[in-house]
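1. Have a look at this fold, sequence not included:
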């Protein structure tokens, strides 16, 4: 459960950073950050979220800014929601070892 706790604890900061990179139009670093989330989301079993990260990463590599701008808000919303649910599970696990 520790992996899930770490995932949940770092999600908001990572999502905020991706939003900042998008706002700053820093698509190179945006693509790198989304790439790392692709792997992490897959590790926690969030395969649909990982697939969305794959799509955003490809868009970044291809310079498809329209797709990035269109799909990033939903991706980050789902990412934050998953992190919130995992944080609740991690808290419950701590309370009931």
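-> That came through, no problem. What you see is a predicted model, and the numbers here were worked out from it, not measured in a lab.

2. Give me the distance from stretch 38-46 to the chain's centre.
-> Mean C-alpha position of stretch 38-46 versus that of the full chain (Cα atoms, centre = their mean, to the nearest Å) differs by 9 Å.

3. Other residues contacting it?
-> The list of residues contacting stretch 38-46 from outside it, by Cβ atoms under 8 Å, 6 or more residues apart in numbering, reads 3-4, 7, 47, 49-50, 53-54, 57, 79, 82, 86. C-beta here means a position set from N, CA and C on the backbone, and glycine is covered the same way.

4. and what of stretch 63-82?
-> Applying Cβ under 8 Å, 6+ apart, the contact partners of stretch 63-82 are 11-12, 14-15, 18-19, 22, 27, 30, 37, 41, 44, 46, 48-49, 52-53, 55-56, 58-60.

5. Tell me which stretches of the protein form helices.
-> For the chain, applying DSSP state H gives helices covering 2-23, 27-43, 47-62, 65-95.

6. for the longest one, the distance to its chain's centre please.
-> In other words, helix 65-95. Helix 65-95 sits 6 Å away from the centroid of its parent chain (Cα atoms, centre = their mean).

7. Alright, I will stop here.
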